[in-house]
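In: Pasting the sequence and the predicted coordinates here, then a few questions.
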Amino acid sequence: MHNIKVITTTTEMQEYSDRMRNLGKTVAFVPTMGFLHEGHLSLIKEGRKLGDNLVVSIFVNPSQFSPGEDFESYPRDFDKDFELLQKESVDVIFYPDKNDLYRDGFQTYVELKNLPKHLCGISRPIFFRGVATIVIKLFNIVRPHIAIFGSKDYQQLAVIRRMVRDLNFDIKIVGFPTVREPDGLAMSSRNTYLTPEQRINALSLYKSLKQSKKLVESGSKDAKKIIDAAYTLIKSYPETVIDYIAICDPETLDDMETVDRPALMALAVNVGKTRLIDNMIL
């Protein structure tokens, strides 16, 4: 049985990483909020290939949830996560306490100027401030050479890449393709909230992306028409409330009117009470 180390304090985590670095070992890092699924495991398998030592963090970050969002009810199952990570030969689980990461009087946050003003950042105004802050904290604690993130959270990945460039972090950021269920639904911890009927309705996100890709491949360049067609498809399914559908520049996330070069199509849809996101490069 693989001997996995669970570290719960920031000090011990920093000391561990410093030891590995002094030994000339490469530290690979996969940050998660736990309740792991195959999407997470694909990132972890990639991390296992890329680093001598693999650290996975499990922390549901309160600073990225607005009041009324699902922080308290966000699914958690450390015992199951531990078993899965043991099978993947992870070296360290960093499982910190909220009070260690956000001590009394905490008041320092990291904010990007432009990228959060698009897509999810419009309806979730504090989300990317919380993401940027916790990721920088984790980078300073885990001290990785490489960090792996999923492309399903495309805007989050863009924010982290920009932040690492802007603040001169010596960390290689690896984006890994979205992992999907056999029927195409993007894997997410929140999929467990869906009833069987809502699970079927949730497929409208992926279907609308595939439809849009076909439209572009057949010569359609008008972003508004492509978005309108996606809107119609999604709204034909019950219990769907669209937050946004956007076609935008993959780097700046600025809206594009004409699809005359590779474009990101991203969408967020509530199916019942569950907010789902997905994206595809057209």
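Out: Okay, I see it.
In: how about the helices in the stretch 1-150 of the chain?
Out: Remark: helices assigned in the stretch 1-150 of the chain by DSSP state H, counting those that start in this stretch are 10-22, 38-50, 78-87, 98-101, 120-123, 127-142.
In: name the helices or strands packed onto the first one?
Out: Judged by 3 or more CB pairs under 8 Å, 6 or more residues apart in numbering; DSSP states H and E, the packing partners of helix 10-22 are strand 5-7, strand 27-32, strand 53-58, strand 92-94, helix 127-142. For glycine as for every other residue, the C-beta is placed from the backbone atoms N, C-alpha and C.
In: quick one: residue 17 and residue 57, what's the gap?
Out: 12 Å (CB to CB, to the nearest Å).
In: follow-up on the earlier one: mind putting the helices of the stretch 1-150 of the chain into JSON lines with mean pLDDT, mean neighbour count and distance to residue 271?
Out: Shown next, in JSON lines, are the helices of the stretch 1-150 of the chain (pLDDT from 0 to 100; neighbours: other CB atoms under 10 Å; distance: least, CB to CB, whole Å):
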{"stretch": "helix 10-22", "mean pLDDT": "98", "mean neighbour count": "16", "distance to residue 271": "37"}
{"stretch": "helix 38-50", "mean pLDDT": "97", "mean neighbour count": "18", "distance to residue 271": "18"}
{"stretch": "helix 78-87", "mean pLDDT": "97", "mean neighbour count": "15", "distance to residue 271": "24"}
{"stretch": "helix 98-101", "mean pLDDT": "96", "mean neighbour count": "13", "distance to residue 271": "29"}
{"stretch": "helix 120-123", "mean pLDDT": "96", "mean neighbour count": "16", "distance to residue 271": "15"}
{"stretch": "helix 127-142", "mean pLDDT": "98", "mean neighbour count": "21", "distance to residue 271": "19"}
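In: can you count the residues close to residue 174?
Out: Residues contacting residue 174 under the criterion other CB atoms under 10 Å number 16.
In: What of the one 4 residues further on?
Out: By the measure other CB under 10 Å, the count of residues near residue 178 is 18.
In: Is it in contact with residue 184, as I believe?
Out: No - contact criterion CB atoms under 8 Å: residue 178 and residue 184 do not qualify, at 10.1 Å.
In: For residue 17 and residue 57, list the residues in contact with both.
Out: Common contacts of residue 17 and residue 57, defined by CB atoms under 8 Å, 6 or more residues apart in numbering, comprise residue 142.
In: Quick one: closest of the helices and strands packed on helix 10-22 to residue 101.
Out: Residue 101 lies closest, by CB to CB, to one member of the helices and strands packed on helix 10-22: helix 127-142, at 6.1 Å.
In: so what does the closest one touch, helix or strand wise?
Out: Applying 3+ CB pairs under 8 Å, 6+ apart, one finds that helix 127-142 contacts helix 10-22, strand 27-32, strand 53-58, strand 92-94, helix 120-123, helix 154-166.
In: Dump these to a markdown table, plus distance to residue 280.
Out: Shown next, in a markdown table, are the helices and strands packed on helix 127-142 (distance: least, CB to CB, whole Å):
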| stretch | distance to residue 280 |
| --- | --- |
| helix 10-22 | 36 |
| strand 27-32 | 23 |
| strand 53-58 | 27 |
| strand 92-94 | 32 |
| helix 120-123 | 16 |
| helix 154-166 | 9 |
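In: Residue 215: which of those is closest?
Out: Of all these, it is helix 154-166 that lies closest to residue 215, at 20.0 Å by CB to CB.
In: got the buried residues for the closest one?
Out: Neighbour-count burial for helix 154-166 flags 154, 155, 156, 157, 158, 159, 160, 162, 163, 164 (criterion: 16 or more other CB atoms under 10 Å).
In: Stretch 191-211 too?
Out: Counting neighbours by 16+ other CB under 10 Å, one finds that the buried residues in stretch 191-211 are 191, 193-194, 198-199, 201-202, 204-209, 211.
In: Residue 63: which of the residues you listed is nearest?
Out: residue 193 (21.8 Å).
In: Give me the distance between that closest one and residue 52.
Out: Residue 193 is 38 Å from residue 52, by CB to CB.
In: same thing with residue 34?
Out: Going from residue 34 to residue 52 by CB to CB gives 24 Å.
In: So for those two, which sits in the more crowded spot?
Out: Set side by side, residue 34 and residue 52 show more neighbours around residue 34, with 21 against 13, by other CB under 10 Å.
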